[in-house]
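**Q** Can you look at this prediction? I've put the sequence above it.
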Amino acid sequence: MSAADDIGDETTLVITRTFDAPASRVFDAWLTRDQWQSWIGPEGVDCDVTELDPRVGGRYRLVMHLDGGTTIAVMGVFEVIDRPNILRFTWGAEADRTRQSTVELTLTERNGRTELVLRQERLGSAANREAHRGGWDSALNKLDRFLRTGERA
């Protein structure tokens, strides 16, 4: 695989973060309703996880509550669940089911710390990729706080 293959095209987002927690704890924060709801979504945005069926072929749905009363519903299907190493699921706005991307998380634990690589493909444009980068960077900040404190971030 070349460096270009690793990064992907302009519609692929790759973010790497390290958390001071074991891989199983980081992984479970994505698949346990109370935990996921505690941190998912950009900073300043509360989310309700209205559906979560954490099995291959299972669905999830979350509703982001933005300022001014606007809501955005996101939904998808779990494609791979290999605890605590890999999680892959589709991701897209409920209002436009023709635009689905794929998110893959790869977790690697070293000395009690976990490196998470988030790769989101098929985002449609560089602008959409960068918008998602901002959202995921912000959500991963919340995940880090949640993992450190155990409280809603």
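**A** Happy to help now that I have it. Residues are numbered from 1 along each chain as shown.
**Q** Run the chain-centre distance for the helix ranked longest in the chain.
**A** Ranked by residue count under DSSP state H, the longest helix found in the chain is helix 126-149. Mean-position distance between helix 126-149 and its chain equals 8 Å (Cα atoms, centre = their mean, to the nearest Å).
**Q** How about stretch 69-86?
**A** 7 Å.
**Q** for stretch 26-34, same thing?
**A** Stretch 26-34 sits 11 Å away from the centroid of its parent chain (Cα atoms, centre = their mean).
**Q** next one: stretch 14-23
**A** With Cα atoms, centre = their mean, you get 12 Å for stretch 14-23.
**Q** Could you check the longest helix of the chain and say which residues are buried?
**A** Neighbour-count burial for helix 126-149 flags 128-129, 132-133, 135-136, 139-140, 142-147 (criterion: 16 or more other Cβ atoms under 10 Å). C-betas here are computed from N, CA, C, even on glycine.
**Q** ok, now stretch 10-24?
**A** So stretch 10-24, judged by 16+ other Cβ under 10 Å, has buried residues 11, 12, 13, 17, 19, 21, 22, 23.
**Q** all strands for this structure, in order.
**A** 13-19, 46-52, 59-65, 71-82, 86-93, 101-110, 113-121 (DSSP state E).
**Q** Please pull out the lowest mean pLDDT helix or strand from this protein.
**A** Ranked by mean pLDDT, DSSP states H and E, the weakest helix or strand in the chain is helix 3-7, scoring a mean of 43.
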